[in-house]
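> With the input below, show me the fold.
(one chain, ligands or ions: 2)
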Amino acid sequence: MAKIKTTFFCQNCGSQHAKWTGQCSTCNEWNTIVEEVVQKDEKRTWKQTTTEKSVSKPLKINEIERNPEERIVTYNKELDVVLGGGLVKGSVLLLGGEPGIGKSTLLLQIALSISQKVLYVSGEESQSQIKMRAERIQSSESNCLILTETNTQKIFKNIEEVRPEFLIIDSIQTLHTNSIEASPGSISQIRETTAELIKYAKETATPVLLIGHINKEGQIAGPKILEHMVDVVLQFEGDRNHAYRILRAQKNRFGSTSELGIYEMLSDGLREVSNPSEILISKKDNDLSGTAIASTLEGVRPLMIEIQALVSTAVYGTPQRSTTGYNLKRLHMILAVLEKRAGFKLGAKDVFLNVTGGISVDDPAIDLAVVASILSSNEDIAISPNVCFAAEVGLAGEIRPVSKIDQRILEAEKLGYKKFVTSKYNKITSKKHNIQLLLVGKVEEAFATLFA
Ligand code: TYD
Ligand code: MG
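Ligands and ions are numbered 1, 2, ... in the order given. Sure thing, here's the model as predicted:
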């Protein structure tokens with residue numbers, strides 16, 4: 001028997017070290033170095049021999065023939081949009097997300113709905129559990145085979161028999177390969193098994209979808225290299241207490257990363273939400289103070305979201321500030337701007353801010369709606385529900401322009417809003433609008449226009 005060989009890996013960045021140290025010299029994290037058994041048996045991985053025959057030669061860029069990207073359309077519209085028009089053949093996709101968010105459900109749903117032959121490999125659930133899930137999703141006849149296996153060599157053996165056109169692995173952290181002796185889920189196993197799957201994907205032009213766990217910081221568990229190795233990294237996110245789920249591309253070698261897909265988790269699986277604005281805005285009969293509608297842009301898709309604020313006198317000594325779906329530091333900044341530039345005394349008030357639907361938004365264009373909702377709650381004057389906002393607020397209290405303003409105006413108009421409040425510094429190119437534009441330059445002006 002061969003001598004057992006071990007190496008030290010950093011669990012944070014995946015770098016290799018000759019001996020244990022307290023701090024990783026690559027990423028400077030403390031206490032992340034772990035000893036792992038490594039023993040590579042070159043013969044036993046996916047068709048190791050084929051590479052030796054095909055030695056690639058360097059070519060000039062104009063000598064290279066461009067193969068048209070062949071894409072498999074999944075008929076899951078939101079996923080196709082996020083991917084930029086379907087899955088590219090031979091690409092490897094990694095889907096990350098919190099436990100219970102719906103990763104397995106999403107991929108099983110796709111596996112059951114497409115016409116291609118799919119092999120769904122699960123290392124987490126038994127075949128009958130998957131059957132139960134499939135019954136909930138209520139899909140009809142499909143071309144999907146379910147395998148419960150965690151050893152890559154055995155998986156490849158099955159693949160050679162089945163010859164799937166599509167491979168799904170749930171999840172990469174449960175796999176292990178015979179070629180090294182570390183335990184499943186360890187850095188070296190994740191890296192080796194992913195490398196084998198990538199090799200298989202490239203050589204057979206089969207798309208491979210991997211599910212990845214995330215660690216408590218929200219990163220995909222395992223080495224960062226994993227994200228470098230695959231072609232597409234998708235993140236499935238959302239608040240578990242809410243039904244809405246957002247699919248985002250973090251990396252996409254075949255398309256943009258600005259697209260986004262929205263789903264709703266129902267009792268019979270995930271439903272694609274094609275008109276998100278309608279559901280994100282709570283329908284209410286009478287106007288309540290403290291709410292404002294923001295026009296945001298998620299990817300290239302305009303999205304109307306509702307911002308709710310509650311401003312009340314602080315009962316305890318230190319005023320509380322809390323947000324869901326919005327950056328708390330940004331809220332502090334906005335409150336400081338309102339205090340200093342517009343003279344609102346908010347220093348002794350509790351401020352709670354909420355983006356409805358449990359989604360979180362990074363678009364700075366929602367700043368003005370945040371300001372409007374805070375002032376509306378503070379003054380206890382409701383803002384008419386047919387007004388929407390899109391502008392960034394600067395430190396000097398100035399209302400700043402935002403990107404793709406025409407698109408935002410058009411969407412607001414389409415959804416039946418009557419007034420659109422934005423910065424006067426925007427370059428609005430389209431002239432004719434059925435919506436009234438209110439152009440403001442300063443926070444005070446916005447306040448005067450709204451509550452006049
Ligand atoms: P799952 O796909 O198992 O999550 P992950 O693989 O990301 O860990 O999703 C599990 C959750 O989704 C679970 O809490 C139940 C819920 N769910 C539904 O609400 N409707 C359904 O049709 C299914 C299949 C699951
Ligand atoms: Mg799962």
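
> CA atoms for contacts and neighbours, from now on please.
Noted.

> So K224 versus ligand 1, what's the distance?
K224 sits 20 Å away from ligand 1, taking CA to the nearest ligand atom, to the nearest Å as the criterion.

> count of neighbours near that residue?
17 (other CA atoms under 10 Å).

> shouldn't it be in contact with Q11?
No. Counting by CA atoms under 8 Å, K224 sits too far from Q11 to count as a contact (9.3 Å).

> low-scoring stretches of the stretch 251-400 of the chain, by residue?
Scanning the stretch 251-400 of the chain for pLDDT under 70 picks out 277-286, 299-300.

> Point me to the residue of it nearest ligand 1.
Closest approach of the stretch 251-400 of the chain to ligand 1 (CA to the nearest ligand atom) occurs at G269, with a separation of 3.2 Å.

> which residues touch that residue?
By CA atoms under 8 Å, 6 or more residues apart in numbering, G269 lies in contact with 105-106, 109, 136-137.

> Ramachandran angles for it?
Phi and psi for G269, reported as degrees, to the nearest 10, are phi 100, psi -170.

> Quickly note the distance from it to F447.
44 Å (CA to CA, to the nearest Å).

> and V88, what is it in contact with?
With CA under 8 Å, 6+ apart, V88 has these contacts: 69-72, 207, 254.

> Show me which of those are buried.
71-72, 207, 254 (16 or more other CA atoms under 10 Å).

> What parts of the stretch 201-350 of the chain come near ligand 1?
Counting by CA under 6 Å from any ligand atom, the stretch 201-350 of the chain comes close to ligand 1 at 265-269.

> Okay, and which of those residues map to strands?
265-266, 269 (DSSP state E).

> re earlier: taking the residues of the stretch 201-350 of the chain next to ligand 1 together, which two end up most distant?
Farthest apart among these by CA to CA are M265 and D268. That separation is 8.0 Å.

> Name the residue in these two with the higher neighbour count.
More neighbours surround M265 than the other of M265 and D268, with 18 against 14 (other CA under 10 Å).

> these two touch, right, that one and Y244?
Yes. The pair formed by M265 and Y244 meets the contact definition of CA under 8 Å, at 6.3 Å.

> For S188, see how far away I180 is.
Between I180 and S188 the computed distance is 8 Å (CA to CA).

> again with N143
According to CA to CA, N143 and S188 sit 33 Å apart.

> and the closest residue to A294 other than its chain neighbours, what element?
Excluding its sequence neighbours, the residue lying closest to A294 (CA to CA, 6 or more residues apart in numbering) is F389, at 4.8 Å. Per DSSP states H and E: F389 is located in strand 387-390.

> Which helix or strand lies directly C-terminal to that strand?
strand 392-393.

> In the sheet, which strands lie alongside that next one, parallel or antiparallel?
strand 399-400 (antiparallel) (DSSP bridges).

> which residues of the stretch 351-452 of the chain fall in helices?
Assigned by DSSP state H, counting those that start in this stretch, the stretch 351-452 of the chain shows helices spanning 367-379, 405-414, 443-451.

> any idea which of those is most buried?
Of all these, helix 367-379 has the most neighbours on average by mean count of other CA atoms under 10 Å, namely a mean of 25.
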